[in-house]
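Peer 1: What shape does this take:
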Amino acid sequence: MAGAQGWPAGAGADHPAGAERHLRHRHRRPLGAVPHARQGQHHTHRAAREVPRHLRHRRPGGGVRGDHQQRAEPLPPARAGGLPLPGRALIVLPGDSAPGWYGKLPALGDFASRRLPQAFVAAWDAWLQRGMAYSQEHLGSAWLDAFLTAPVWGFVLGERTLETQTWAGIVLPSVDRVGRYFPLTLCAPLPGFSFGSDALTALERWMDSLEEAARGGLDPQATVDGFEAGLVACPPPLFPAPQACGLGEALLRGDAFVRLERPGARGLRDLGGDAAARTMDMLFAPYTLWWCRGGDGTAGGFACHGMPSAAVFARMLQYAPGQV
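Peer 2: Numbering: from 1, shown residues only. Model (predicted):
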């Protein structure tokens, strides 16, 4: 998507106290992992409701099934200081090749996190909380429907956005054991990530495996141990260093003349290296990249400076590729 058509004004970065335009787009196919629910007034405290019979036997996209009751119960409003995690909720295993995760699972009754630094979890949670609070307020009775059918978003976070290194992963709608809704995030740091074509192919294959593992964890019969076992089979890809010849750097500097010579070069790829990828790599650090696929396989998304604003988060819940 070359421009910001169809997205809220001021879509470039996260502004916790910003007053963004209300969302307009409301009609698309359900894409998310959590079962679709009927619309109703969304309150912080609300009695559990019976899941419609047809939803108990439906599993759109292979996600969470209803276990006879759901609760339309959001989390408390955004916390300015991020989420205070109990000591046992965070397990960081240096050198562990499995991706980390944070959020809600049907097998657990509260937030949990594995293999993610607490600083990352706190910053990520604060961003999610702002988006959840804004979307609940501005979507009103349509919020629950939007959340339950939201797409699975893949993301890459530049090294000057949320933390001092590049992160990538997926985020999708989820629910805990008592029926409280909150996104589930699976991610990992990606040192050496580059926008070369081979690297992007490897990244998308990895994210497909993450989505499969996430959907397994969202099954109401799944256990945390089973979910973890699925993640062990999804180690983050390793990215070879892009060929460097200085062309990308020279183009960014605006050099009027660039000499292309390399020992053993046999063609333009050898002479120019991965100039396009290197240029993207150098420009991307303060940006984040987001994309998803629709039910027909059509892909769409956006890039923005910094983290998406709360209004953009709300728009992401109702986004469908190919629709403005």
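
Peer 1: all strands of the stretch 201-324 of the chain, in order?
Peer 2: 287-293, 299-305 (DSSP state E, counting those that start in this stretch).

Peer 1: ranking these by burial, who's on top?
Peer 2: Most buried of those, by mean neighbour count (mean count of other Cβ atoms under 10 Å): strand 287-293, with a mean of 19. Just so you know, the C-beta spots here come from the backbone N, C-alpha and C atoms, and that holds for glycine as well.

Peer 1: ok, so what distance separates the residue nearest to residue 102 when sequence neighbours are not counted from residue 119?
Peer 2: Nearest non-adjacent residue to residue 102, counting by Cβ to Cβ, 6 or more residues apart in numbering: residue 113, 4.3 Å away. Distance of residue 113 to residue 119, computed by Cβ to Cβ, to the nearest Å: 12 Å.

Peer 1: Of all the strands of the stretch 201-324 of the chain, which one is nearest residue 233?
Peer 2: strand 287-293 (21.5 Å; Cβ to Cβ).

Peer 1: The closest one pairs with which strands, parallel or anti?
Peer 2: Strand 287-293 pairs in its sheet with strand 153-157 (antiparallel), strand 299-305 (antiparallel), by DSSP bridges.

Peer 1: Can I get the ones you listed in TSV including distance to residue 201 and mean pLDDT?
Peer 2: Formatted as TSV, those follow (distance: least, Cβ to Cβ, whole Å; pLDDT from 0 to 100):
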stretch	distance to residue 201	mean pLDDT
strand 153-157	13	98
strand 299-305	14	95
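
Peer 1: mind listing the helices for the stretch 101-250 of the chain?
Peer 2: 118-139, 143-148, 197-217, 224-232, 247-253 (DSSP state H, counting those that start in this stretch).

Peer 1: looking at those helices, which is closest to residue 309?
Peer 2: The nearest among the helices of the stretch 101-250 of the chain, by Cβ to Cβ, is helix 118-139 at 8.3 Å.

Peer 1: tilt between that closest one and strand 153-157?
Peer 2: 130 degrees (axes from the mean of the first three to the mean of the last three Cα atoms, to 10 degrees).

Peer 1: how about low-confidence regions in this protein?
Peer 2: The model of the chain has pLDDT under 70 over residues 1-7, 9-96, 240-245, 268-273, 324.

Peer 1: If we use 80, what do you get?
Peer 2: Within the chain, the stretches with pLDDT under 80 are 1-96, 197, 239-278, 322-324.

Peer 1: The closest residue to residue 162 other than its chain neighbours: neighbour count?
Peer 2: Among residues not flanking residue 162 along the chain, residue 123 sits closest, at 5.1 Å (Cβ to Cβ, 6+ apart). When counting by other Cβ atoms under 10 Å, one arrives at 17 neighbours for residue 123.

Peer 1: mind checking how far residue 123 is from residue 197?
Peer 2: For residue 123, the distance to residue 197 equals 31 Å [Cβ to Cβ].

Peer 1: same check, this time on residue 285
Peer 2: From residue 285 to residue 197 the distance is 20 Å (Cβ to Cβ).

Peer 1: and stretch 155-172, which residues are buried?
Peer 2: 155-159, 161-163, 166-172 (16 or more other Cβ atoms under 10 Å).

Peer 1: correction: stretch 224-242
Peer 2: 227, 230, 231, 234, 236, 237, 239, 242.

Peer 1: How about the second one: what's its closest non-neighbour residue?
Peer 2: Okay, so that is residue 230. residue 213 (3.9 Å).

Peer 1: ok, now which ones touch that neighbour?
Peer 2: By Cβ atoms under 8 Å, 6 or more residues apart in numbering, the contact list for residue 213 reads 186, 227, 230, 231, 233, 234.

Peer 1: just to revisit the earlier point, for residue 300, find the nearest of the helices of the stretch 101-250 of the chain.
Peer 2: Nearest of those (Cβ to Cβ): helix 197-217, 14.1 Å.

Peer 1: Am I right that residue 8 is in contact with residue 310?
Peer 2: No. Using Cβ atoms under 8 Å, residue 8 is not in contact with residue 310; the gap is 9.2 Å.

Peer 1: what number of residues lie near the residue lying closest to residue 176 once chain neighbours are set aside?
Peer 2: Excluding the flanking residues, the one nearest residue 176 by Cβ to Cβ, 6+ apart is residue 104, at 4.1 Å. Neighbour count of residue 104, defined by other Cβ under 10 Å: 23.

Peer 1: Quick check: residue 104 vs residue 177, distance?
Peer 2: 9 Å.

Peer 1: what does residue 226 give?
Peer 2: In terms of Cβ to Cβ, residue 226 sits 15 Å off from residue 177.

Peer 1: same deal with residue 275?
Peer 2: According to Cβ to Cβ, residue 275 and residue 177 sit 51 Å apart.

Peer 1: Pick out whichever of the two has more residues nearby.
Peer 2: residue 275 (23 against 14).
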